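Q: curious how this folds, go ahead:
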Amino acid sequence: MVSQTPPQVRIGFIGCGGIAHWHVRRLSSVPEAEIVALCDPSSASIERMVTRFPQLASLPRFTDYHELLSAGLAMDGVQLHSPHTVHFEQAMAALDTGFHVLTEKPMVCEVAHAHKLLKKIKSTGKVFGISYQRHLERTFRFVKQKIDAGEMGDIQYVAVLQGQNWLNGTRGTWRQDPALSGGGQLNDSGSHLLDILLWVTGLAAEEVTAYSENFDSRVDINTAATIRFTNGARGTISVIGNCPVWWEDITIAGSKASVFLRQGKLFWAAFGDRSVQEVAPEDMPEESDPDRNWVEAIAYGHEIGAPAICGLRTIELTEAAWRSAASGKPAPVIRQDPV
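A: Just a heads-up that it's a prediction; the model follows:
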């Protein structure tokens, strides 16, 4: 039997900083993927990239993403690993030029931009994904399957907490410049929490009360928020950007069962059974990652793991939290379906 050569998806990188290195490593294990160009306004970033990955040293290099998009390269899609506030303009330009797009989180930093982007994605028919890796991790896929199957009953409470040495770890970088980051940790790694809370549970946020602390930064570092959902459920979000270690806790309580995710370990407890059971990885669904998923969506038509609608729902909740923190009062989550 003659083996068939897999279809090649040729990819340009827009942004070659630290997070892009993770994507190079993941794509190296995807037989359908081929990186064909590098773009970053910082030549030093590109040099660090090719020093770490010598196989990329001979690729065309660009300092302006417009030049990359108009260069006429044999290229199918681009990945955006750039500062948050430029994701929107870069994604719109890439779609307009006929390329598929995978963007780092957050998708955009304004609800209005999310609606324009979803409209553009629909009109172009291109594959668009967000690098929310939790959508493709087995623990979260397990929980979502249980909720969708009704095995947890009605979701009544959600508590998510993330601790990270974000204040010191990002000091002096673009992440604490609101013109480039769009906000602080809530809009950065905290974006993962808001997204996964909404995606896994299927809940729709109705109102949020948030308090934030910037310390000596121009952006939010610590955020404490409570949420009321449209089904009557309640939730809390704790983002601790001034924490000495990485820590993540997620609790989802339903009328039939609850799950507890503690530092990557998943526990299940159901009413009628007083024990708490750790769920073994072999009892969970298979997992993937955003790069593989995006490439396979382009090559084979697979479903995208984290579609653009998730970016809209996340920025809707984020904007409401920002409004509440600024006013000191509860703020409605202005939730609107895309046109």
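Q: now whichever strand or helix holds Thr139: mean pLDDT?
A: In this assignment (DSSP states H and E), Thr139 forms part of helix 138-148. Per-residue pLDDT over helix 138-148 has a mean of 98.
Q: any residues touching that helix, and which ones?
A: Here helix 138-148 makes contact (CB atoms under 8 Å, 6 or more residues apart in numbering) with 134-135, 152, 155, 196, 199-202, 252, 254, 257, 259, 261, 264, 266, 279, 281, 283-287. In this view, the C-beta of every residue, glycine as well, is placed from N, C-alpha and C.
Q: please check those residues and keep the buried ones.
A: Using 16 or more other CB atoms under 10 Å as the burial test, these include 134-135, 152, 155, 196, 199-201, 252, 254, 257, 259, 261, 266, 279, 284, 287 as buried.
Q: which SSE is the residue lying closest to Met107 once chain neighbours are set aside in?
A: Nearest residue to Met107, sequence neighbours excluded (CB to CB, 6 or more residues apart in numbering): Gly311, at 2.8 Å. Assessed by DSSP H and E, Gly311 sits inside helix 308-327.
Q: quick check: which helices or strands does the helix or strand following that helix pack against?
A: Scanning forward in sequence from helix 308-327 by DSSP H and E, the next helix or strand is strand 331-332. Strand 331-332 sits against strand 205-213, helix 308-327, with contacts defined as 3 or more CB pairs under 8 Å, 6 or more residues apart in numbering; DSSP states H and E.
Q: show me the strands in the stretch 101-250 of the chain, by range?
A: Using DSSP state E, counting those that start in this stretch, the strands of the stretch 101-250 of the chain run over residues 128-130, 155-163, 205-213, 222-229, 234-240, 247-254.
Q: give me the angle between the second one and helix 138-148.
A: The directions of strand 155-163 and helix 138-148 differ by 160 degrees, with axes from the mean of the first three to the mean of the last three CA atoms, to 10 degrees as the criterion.
Q: cool, the last one as well?
A: Between the direction of strand 247-254 and that of helix 138-148, the angle (the same axes, to 10 degrees) works out to 10 degrees.
Q: got the buried residues for strand 247-254?
A: For strand 247-254, burial by neighbour count (16+ other CB under 10 Å) applies to Glu248, Ile250, Thr251, Ile252, Ala253, Gly254.
Q: which ones are touching the residue nearest the centre of the chain?
A: Nearest to the mean C-alpha position of the chain, by CA atoms, centre = their mean, lies Tyr132 at 3.0 Å. By CB under 8 Å, 6+ apart, the contact set of Tyr132 is Lys105, His192, Asp195, Ile196, Trp199, Pro290, Gly305, Ala306, Cys310.
Q: between the residues you listed, which sits nearest Thr223?
A: His192 (13.6 Å; CB to CB).
Q: quick check: the gap between that closest one and Ile240.
A: With distances taken as CB to CB, to the nearest Å, His192 is found 14 Å from Ile240.
Q: likewise Ser288?
A: Distance from Ser288 to Ile240, by CB to CB: 29 Å.
Q: same thing with Leu161?
A: In this structure, Leu161 and Ile240 are 7 Å apart, going by CB to CB.
Q: kindly report the same for Leu59.
A: Separation of Leu59 from Ile240 (CB to CB): 39 Å.
Q: cool, Ile35 as well?
A: 36 Å.
Q: for burial, what's the neighbour tally of Leu180?
A: 15 (other CB atoms under 10 Å).
Q: that one and Lys146, how far apart?
A: Taken as CB to CB, the span from Leu180 to Lys146 is 39 Å.
Q: follow-up on the earlier one: quick check: buried residues in the helix holding Gly311?
A: Within helix 308-327, the residues scored as buried using 16+ other CB under 10 Å are 308-325.
Q: next one: stretch 43-61
A: For stretch 43-61, by 16+ other CB under 10 Å, it's Ser45, Ile46, Arg48, Met49, Val50, Phe53, Leu56, Leu59, Arg61.
Q: tabulate the CA atom coordinates of stretch 152-164 in PDB.
A: Extracted C-alpha coordinates of stretch 152-164, given in PDB (Å, rounded to 0.1, in the frame of the first residue of the first chain):
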ATOM      1  CA  MET A 152     -24.000  17.400  36.200                       C
ATOM      2  CA  GLY A 153     -27.600  18.700  36.100                       C
ATOM      3  CA  ASP A 154     -28.200  22.400  36.200                       C
ATOM      4  CA  ILE A 155     -25.000  24.400  36.700                       C
ATOM      5  CA  GLN A 156     -25.500  26.500  39.800                       C
ATOM      6  CA  TYR A 157     -22.100  27.900  40.800                       C
ATOM      7  CA  VAL A 158     -18.700  28.400  39.200                       C
ATOM      8  CA  ALA A 159     -15.500  29.500  41.000                       C
ATOM      9  CA  VAL A 160     -12.300  30.100  39.100                       C
ATOM     10  CA  LEU A 161      -8.900  31.300  40.500                       C
ATOM     11  CA  GLN A 162      -5.600  32.000  38.800                       C
ATOM     12  CA  GLY A 163      -2.400  33.000  40.500                       C
ATOM     13  CA  GLN A 164       0.700  34.100  38.600                       C
END
